[in-house]
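Chemist: Mind looking at a prediction? Sequence and model below.
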Amino acid sequence: MLRFINILAIAALIGSASWAYSVKYDTIYYVEHIKKIESQINKERDNVAILKADWQHLTKPARLQALSDKHLVLQPLAAIQIIRAHELPERKSSPDAIAEKIENLGIVTGSTPNQGQKSTGRTPERNGGKVK
């Protein structure tokens, strides 16, 4: 009986030692993984800082003014270019192919008066679930 207890204790010792080593190596693996991710985060932060500095340089008002003077040919607004709203030409109505197909099929869509239908103020009567 004493020998069985000794063997059991040795097996428990070996099992706990192997578990402790596996936990240790898993921890080392995860620490290395975290360090690698932190390194990537720092690189990305540096890249973001560089891009912000680039953006600030590109949007500097003095630089933009010089570029607009060089490349844009801006002329003052002439009085003839200004018109009133009623002088604008009428807007062409764009054809609605789906609405035309629905009208051709004879299907009535909803009761919205904005779609060319006149609202009578009545709701359809129902008879056994069918519309009259």
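Modeler: Happy to help now that I have it.

Chemist: residue ranges for the strands of this structure, please.
Modeler: Counting by DSSP state E, the segments of the chain that form strands are 126-127, 130-131.

Chemist: can you list the weak-confidence ranges in this protein?
Modeler: Within the chain, the set of residues satisfying pLDDT under 70 comprises 108-132.

Chemist: Grab the most central residue of it for me.
Modeler: When the chain is reduced to its mean C-alpha position, the closest residue under Cα atoms, centre = their mean turns out to be Val48, at 20.3 Å.

Chemist: how near is it to Ala99?
Modeler: Going from Val48 to Ala99 by Cβ to Cβ, to the nearest Å gives 50 Å. Yep, even glycine has a C-beta here, placed from its N, CA and C like the rest.

Chemist: With Lys92 instead?
Modeler: Taken as Cβ to Cβ, the spacing of Lys92 relative to Ala99 amounts to 16 Å.

Chemist: From the neighbour counts alone, determine which of the two ranks first.
Modeler: When neighbours are counted by other Cβ atoms under 10 Å, Lys92 and Ala99 differ, and Ala99 comes out ahead with 12 against 6.

Chemist: Can you give the distance of the biggest helix by length in the chain from its chain's centre?
Modeler: Of all segments of type helix in the chain, defined using DSSP state H, the longest is helix 2-58. Going by Cα atoms, centre = their mean, to the nearest Å, the spacing between the C-alpha centre of helix 2-58 and its chain's C-alpha centre is 33 Å.

Chemist: now swap in stretch 101-109 and tell me
Modeler: The chain centroid and the centroid of stretch 101-109 are separated by 37 Å, computed with Cα atoms, centre = their mean.
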